[in-house]
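In: My questions concern the predicted model and sequence given below.
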Amino acid sequence: AENDPRRAARGYRVALRLAPTDPGLWQRLAEAALAIETNDWSERQAAQQEATAAAINAYLSATDIGERARMLALIGRSLEARSAWRPAIRAERASLALVDDPALRARLEQLVAEHGFRIIDHQVSSDARNPRICIRFSAPLARDGVELADYLELDVAGLAIEPEAEQLCLDGVEHGERYRIRVRAGLPAND
């Protein structure tokens with residue numbers, strides 16, 4: 001009530017000693033820890049870690065699907081605060097799998113657009129003896145059982161597609177030529 005998240009967090013910790021399986025108390029502790037604002041890096045890290053741990057305990061104590069979905073979304077928010085983008089995306093997707101929430105869906109779409117698996121760069125090695133074009137991704141590409149070439153549309157036939165850890169390279173390009181390359185939606189990351 002006094003808008004003091006540090007004091008609230010202390011109170012929730014005391015209450016949890018008396019009722020350690022109450023998901024509501026764990027949820028409020030997570031929210032209070034997320035609300036702590038400080039310029040002290042170690043205090044901020046400790047609060048963010050406490051928020052994640054409390055949100056996980058809230059999820060583990062939850063008794064119904066709606067409650068579990070809310071706690072998974074809270075886990076996602078706590079992981080976002082820690083810049084743990086991939087686990088945050090997974091937690092929010094898991095929440096939406098339980099209960100569809102349009103606000104969370106919009107938040108997740110924005111999170112994926114900013115921090116999810118995506119193209120982050122391309123490189124043209126035009127000065128090399130055998131020029132090539134490489135498209136770099138934000139995470140390692142799936143390799144087993146996936147034909148990555150199926151996810152590329154090229155305006156020229158006959159180019160060799162060489163998958164590497166976090167990039168797809170096109171060999172066989174020629175100096176001075178223009179190429180149009182389209183990466184199709186659904187290209188899978190390794191995870």
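Out: Happy to help now that I have it.
In: so what pLDDT did A15 get?
Out: pLDDT recorded at A15 is 97.
In: cool, the one 5 residues further on as well?
Out: pLDDT for P20: 95.
In: and what of G176?
Out: pLDDT, G176: 82.
In: measure the residue lying closest to R44 once chain neighbours are set aside to P102 for me?
Out: Using C-beta to C-beta, 6 or more residues apart in numbering and skipping residues adjacent in sequence, the residue nearest R44 is T38, 5.3 Å away. The way it works is simple: take the backbone N, C-alpha and C, and place the C-beta from them, glycine included. Look at T38 and P102: by C-beta to C-beta, to the nearest Å, they are 33 Å apart.
In: more neighbours, the two?
Out: Neighbour tally, T38 and P102, criterion other C-beta atoms under 10 Å: the higher count belongs to T38, 12 against 8.
In: Tell me the secondary structure at the more buried one.
Out: Three-state assignment for T38 (DSSP: H, G, I helix; E, B strand; the rest coil): coil.
In: Equivalent analysis for Q123, please.
Out: Classification of Q123 by three-state DSSP places it in strand.
In: need the helices for the protein, in chain order.
Out: 5-18, 23-35, 41-61, 65-81, 85-98, 102-115 (DSSP state H).
In: Quick check: the residue nearest to L34 when sequence neighbours are not counted vs G24, distance?
Out: Nearest non-adjacent residue to L34, counting by C-beta to C-beta, 6+ apart: A51, 4.6 Å away. Using C-beta to C-beta, A51 is found at 15 Å from G24.
In: Looking at these two, which one has more neighbours?
Out: The neighbour comparison of A51 against G24 (other C-beta under 10 Å) goes to A51, with 26 against 14.
In: who's in contact with the more buried one?
Out: The contact partners of A51, taken as C-beta atoms under 8 Å, 6 or more residues apart in numbering, are 29-31, 33-34, 78, 81.
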